[in-house]
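**Q** Sequence and predicted structure below; questions after.
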Amino acid sequence: MKRIIANLLVLTTLAACDSPHPAFMGIKPQVITVQGSTFSVRIKGREAEAIRTSVEYIPRIGEIFPKAAAAIEQASGCRVIARSMKGDSAYMRARLDCAP
């Protein structure tokens, strides 16, 4: 019985988190749409994550990464550092250049 309760607590906690990376948990996302793709964008310091929330037929990284970078830049006001975008067509992380 204790094991069932423990598992339910873990599942409930995980269900409350909408960011797969612990560093971004608890940060309220900004919802940004770029050219038909919608992202939940979170910024923490000089790092950002973008989670694509729109349903798209066979999304390609070559099409999604530039849209995610634009969404991150719009949300942060900073530039995404070249070649810092990592991830896949659903979840991306990037480093930011927030020079004045």
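**A** Arrived safely.

**Q** doesn't Met25 make contact with Pro42?
**A** One thing to correct before we go on: residue 42 is Arg, not Pro. No: proximity of Arg42 to Met25 does not meet the contact threshold set by Cβ atoms under 8 Å, at 9.0 Å. (Each C-beta comes from the backbone N, C-alpha and C, glycine too.)

**Q** Among the two, which residue is more densely surrounded?
**A** Arg42 (25 against 13; other Cβ atoms under 10 Å).

**Q** The protein: helices as residue ranges?
**A** Counting by DSSP state H, residue ranges of the helices within the chain are 2-16, 61-76.

**Q** The ones you listed: lowest mean pLDDT?
**A** For those, mean pLDDT drops lowest on helix 2-16, to a mean of 47.

**Q** Taking the centroid of the protein, which residue is nearest it?
**A** Centroid check for the chain by Cα atoms, centre = their mean gives Ala50 as the closest residue, at 2.5 Å.

**Q** Pretty sure it sits against Ile43.
**A** No: Ala50 is beyond contact range of Ile43, at 10.0 Å (criterion: Cβ under 8 Å).

**Q** joint contacts of these two?
**A** Here Ala50 and Ile43 have Ile72 as joint contacts, going by Cβ atoms under 8 Å, 6 or more residues apart in numbering.

**Q** So Val34 is in contact with Ala70, correct?
**A** Yes: when contacts are counted by Cβ under 8 Å, Val34 is listed as touching Ala70 (4.7 Å).

**Q** Which neighbours do the two have in common?
**A** Counting by Cβ under 8 Å, 6+ apart, no residue touches both Val34 and Ala70.

**Q** rewinding a little: and the residue nearest to the centre of the chain, what's its pLDDT?
**A** pLDDT at Ala50 comes out at 97.

**Q** That one bridge partners, please.
**A** With DSSP bridges as the criterion, Ala50 is bridged to Val41, Met92.
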